[in-house]
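Student: sequence first, then the predicted structure, then my questions.
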Amino acid sequence: MFTYCIFSVAANCLMQESLCEQFEDLLGSAPGMEESDVSLSSGVLTVELPGRGIYVINRQSPNRQIWLSSPESGPARFDHQEGRWIYRRTGESLHELLDREVGEQVAASHLYTGLQCYSLSERILNVLIVGSKMSGCHV
């Protein structure tokens with residue numbers, strides 16, 4: 001069962017390590033992306049791309065989902081399945097969608113190798129849960 005604690009750990013890993021840091025590295029080194037902006041605050045990741053618009057990615061704790069607002073494809077809700085965040089309507093992962101949309105713009109001016117999907121296996125999640133229990137989170 002995907003409890004609140006497991007969701008919190010998985011969502012925090014996604015937002016910080018898997019997306020925020022990669023976007024900062026990618027856009028900070030891509031020519032023509034000087035006007036881009038990446039910020040993570042209170043569980044909301046905002047990525048502004050010049051000429052494209054603003055992507056907003058946030059966690060929806062009650063639903064245990066990640067929500068995306070894309071200037072290109074609109075809203076999408078992602079569920080955690082086998083270590084990946086999947087959009088049920090299309091079967092596409094969050095990383096695949098972002099790769100497709102953001103990659104098009106960045107690839108035109110930069111050697112783009114794609115966003116890396118850091119899959120959280122059951123074993124890794126269990127290790128993280130043990131740590132969160134020690135810090136007072138109840139599974």
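Tutor: Good, I have the coordinates.
Student: where does pLDDT dip in the protein?
Tutor: Applying pLDDT under 70 to the chain flags the ranges 1, 105-139.
Student: wait, is Glu17 part of a strand?
Tutor: No - per DSSP: H, G, I helix; E, B strand; the rest coil, Glu17 lies outside any strand segment and is helix.
Student: quick one: it from Pro50, how far?
Tutor: Glu17 sits 25 Å away from Pro50, going by CB to CB, to the nearest Å. The way it works is simple: take the backbone N, C-alpha and C, and place the C-beta from them, glycine included.
Student: again, but for Gln16
Tutor: Per CB to CB, Gln16 is found 24 Å from Pro50.
Student: may I have the strand or helix carrying Gly28 as PDB, with CA atoms only?
Tutor: In this structure, Gly28 sits in helix 21-29 according to DSSP states H and E. Written as PDB, here are the backbone C-alpha positions of helix 21-29 (Å, rounded to 0.1, in the frame of the first residue of the first chain):
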ATOM      1  CA  GLU A  21      18.400  19.600  -9.800                       C
ATOM      2  CA  GLN A  22      18.300  18.200 -13.400                       C
ATOM      3  CA  PHE A  23      16.400  21.200 -14.700                       C
ATOM      4  CA  GLU A  24      18.800  23.600 -13.000                       C
ATOM      5  CA  ASP A  25      21.800  21.800 -14.500                       C
ATOM      6  CA  LEU A  26      20.200  21.500 -17.900                       C
ATOM      7  CA  LEU A  27      18.900  25.000 -18.300                       C
ATOM      8  CA  GLY A  28      21.900  26.600 -16.600                       C
ATOM      9  CA  SER A  29      24.200  25.200 -19.300                       C
END
